[in-house]
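K.L.:
Sequence and predicted structure below; questions after.
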Amino acid sequence: ETGVTQTPRHLVMGMTNKKSLKCEQHLGHNAMYWYKQSAKKPLELMFVYSLEERVENNSVPSRFSPECPNSSHLFLHLHTLQPEDSALYLCASSQVRDTDTIYFGEGSWLTVV
Amino acid sequence: GENVEQHPSTLSVQEGDSAVIKCTYSDSASNYFPWYKQELGKGPQLIIDIRSNVGEKKDQRIAVTLNKTAKHFSLHITETQPEDSAVYFCAASKTQGNLIFGKGTKLSVKP
């Protein structure tokens, strides 16, 4: 257990569906992250929240919409995804935003059909 | 921006042998270098990290070395065991920066 819990662990959705990924951290951290991991690319940073404020959006398409209602919870809302969006989506947290140990969750495997 | 190159992409060793994975980074301002291990079906787990004010750090069978002049750092695993088989990622970041990952090395330890 890393202290970062992601649900669901597996998700299959159609291209017209709307779904959400949920992340909860039990570590008292102030920064939370969404990463995308696919077979062809290294871990790609998608979004960074520090003290519940979005501080980074790495040119992610608008069909991915993050939400951070408080410092312990992070969501990734998914809408009209493409098959190429199928990947492992990893949530992570750290005490502070930079040069600090990042703790990952187990990930949510997303398949878009 | 920062670019992290990792080699080799795959590595196969016999149980008991040593394994070395190397990474280079481009931004001389980077000052934090963690290594993560990812087992099948799980998220990456931190195994060791080093900051730019030290050149080497060791934790039992794993060690990391950092050469700031050459901008490269390496992971060393001694006396490898089958349970060391996983994908290993290096990463680099700087103050006010984000963690940038290498592409990973798939390590296979054969019994």
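P.N.:
Thanks, I have it. Numbering: from 1, shown residues only, chains lettered A, B, ... in the order given.

K.L.:
For the rest of this, base every contact and every neighbour count on C-alpha atoms.
P.N.:
Noted.

K.L.:
can you pull the contacts of residue A:102?
P.N.:
A:92, A:93, A:94, B:46 (Cα atoms under 8 Å, 6 or more residues apart in numbering or on different chains).

K.L.:
with the residues you listed in mind, which one is nearest to residue B:83?
P.N.:
Residue B:83 has its nearest neighbour among the contacts of residue A:102 in residue B:46, at 15.6 Å by Cα to Cα.

K.L.:
which non-adjacent residue is nearest residue B:2?
P.N.:
Spatial nearest neighbour of residue B:2, excluding adjacent residues (Cα to Cα, 6 or more residues apart in numbering or on different chains): residue B:27 at 5.2 Å.

K.L.:
Give me the distance between residue B:43 and residue A:9.
P.N.:
11 Å (Cα to Cα, to the nearest Å).

K.L.:
Which one's more surrounded, these two?
P.N.:
Taking other Cα atoms under 10 Å in any protein chain shown, residue B:43 and residue A:9 do not tie; residue B:43 has more neighbours (23 against 16).

K.L.:
Would you check that the more buried one makes contact with residue A:105?
P.N.:
Yes: using Cα atoms under 8 Å, residue B:43 makes contact with residue A:105 at a distance of 5.6 Å.

K.L.:
Residues that sit against both of the two, list them.
P.N.:
Shared contacts of residue B:43 and residue A:105, defined by Cα under 8 Å, 6+ apart, comprise residue A:90.

K.L.:
count of neighbours near the residue nearest to residue B:2?
P.N.:
15.

K.L.:
so who does residue B:79 touch?
P.N.:
Applying Cα under 8 Å, 6+ apart to residue B:79 gives the contacts B:15, B:16, B:17, B:18, B:61.

K.L.:
Going by distance to residue A:27, which of those residues wins?
P.N.:
Distances from residue A:27 to these, taken as Cα to Cα, are shortest for residue B:61 (27.6 Å).

K.L.:
how close does that closest one get to residue B:8?
P.N.:
Distance from residue B:61 to residue B:8, by Cα to Cα: 20 Å.

K.L.:
between residue B:43 and residue A:9, what contacts are shared?
P.N.:
Common neighbours of residue B:43 and residue A:9 (Cα under 8 Å, 6+ apart) are A:106, A:107.
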